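[1] fold the stuff below for me.
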Amino acid sequence: LGQRGLNLMNFCKAFNDQTANFTPGVPMQVRVSAYTDRSFTFSIQRPSSSYFLLKAAGLQKGSATPGRTSIGRLSVKHIYEIAQVKHQDAYFQKKFTAQQLCQSLVGSCRSMGIEVYDPRTST
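    Residues are numbered from 1 along each chain as shown. Down below sits the predicted model:
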């Protein structure tokens with residue numbers, strides 16, 4: 001930010017004001033745009049899908065050998081709830097339907113070694 005000639009104090013104040021209601025320790029994605037007149041804008045997006053999936057499964061990290069070993073389980077209900085949260089971001093509203101987002105989350109689970117199950121059919 002300093003390289004772009006932005007006033008760091010103004011940025012920090014605006015950033016802290018806008019993120020005051022977020023839970024400390026939760027990673028968030030921030031996109032900063034700097035303009036030639038030394039003004040700036042920034043948008044804050046929700047944490048990554050993998051963060052939500054690992055948190056819901058109660059894990060610190062994914063499997064070292066996904067596909068061979070399953071390190072956690074999530075129900076379809078968890079996937080749907082995460083998709084609802086992610087779908088609130090403008091990017092996901094434009095690009096994906098809720099069903100496509102759920103399918104993407106299931107693929108992410110598979111690549112992290114998290115098993116997705118339907119509680120209505122499993123015994």
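[2] quick one: least confident helix or strand in the protein?
    Taking mean pLDDT, DSSP states H and E as the measure, the helix or strand of the chain with the lowest value is helix 90-95, at a mean of 82.
[3] chain center to stretch 18-25: distance?
    15 Å (C-alpha atoms, centre = their mean, to the nearest Å).
[4] which strands border whichever strand or helix holds Ile44, and is each parallel or antiparallel?
    Per DSSP states H and E: Ile44 is located in strand 40-45. Here strand 40-45 is paired, per DSSP bridges, with strand 29-34 (antiparallel).
[5] identify all contacting residues around the partner strand.
    Contacts to strand 29-34, defined as C-beta atoms under 8 Å, 6 or more residues apart in numbering, come from residues 1, 4-6, 11, 15, 40-48. Bear in mind the C-beta positions are built from the backbone N, C-alpha and C, glycine included.
[6] what's the ChimeraX syntax to select whichever of those residues are buried?
    The following ChimeraX line selects those of these that are buried, judged by 16 or more other C-beta atoms under 10 Å:
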select :6,11,40,46,47
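[7] ok, the spatially most central residue of the chain to Ala20 distance?
    Nearest to the mean C-alpha position of the chain, by C-alpha atoms, centre = their mean, lies Ser48 at 2.1 Å. Computed as C-beta to C-beta, to the nearest Å, the Ser48 to Ala20 distance reads 22 Å.
[8] tell me which stretches of this structure form strands.
    29-34, 40-45, 72-75, 114-117 (DSSP state E).
[9] mind giving me JSON lines with the ones you listed and columns for distance to Thr65 and mean pLDDT?
    Shown next, in JSON lines, are these (distance: least, C-beta to C-beta, whole Å; pLDDT from 0 to 100):
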{"stretch": "strand 29-34", "distance to Thr65": "28", "mean pLDDT": "86"}
{"stretch": "strand 40-45", "distance to Thr65": "31", "mean pLDDT": "86"}
{"stretch": "strand 72-75", "distance to Thr65": "14", "mean pLDDT": "91"}
{"stretch": "strand 114-117", "distance to Thr65": "13", "mean pLDDT": "92"}
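[10] how about these in TSV, adding distance to Lys55?
    What follows is the strands of the chain, written out as TSV (distance: least, C-beta to C-beta, whole Å):
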stretch	distance to Lys55
strand 29-34	16
strand 40-45	16
strand 72-75	11
strand 114-117	11
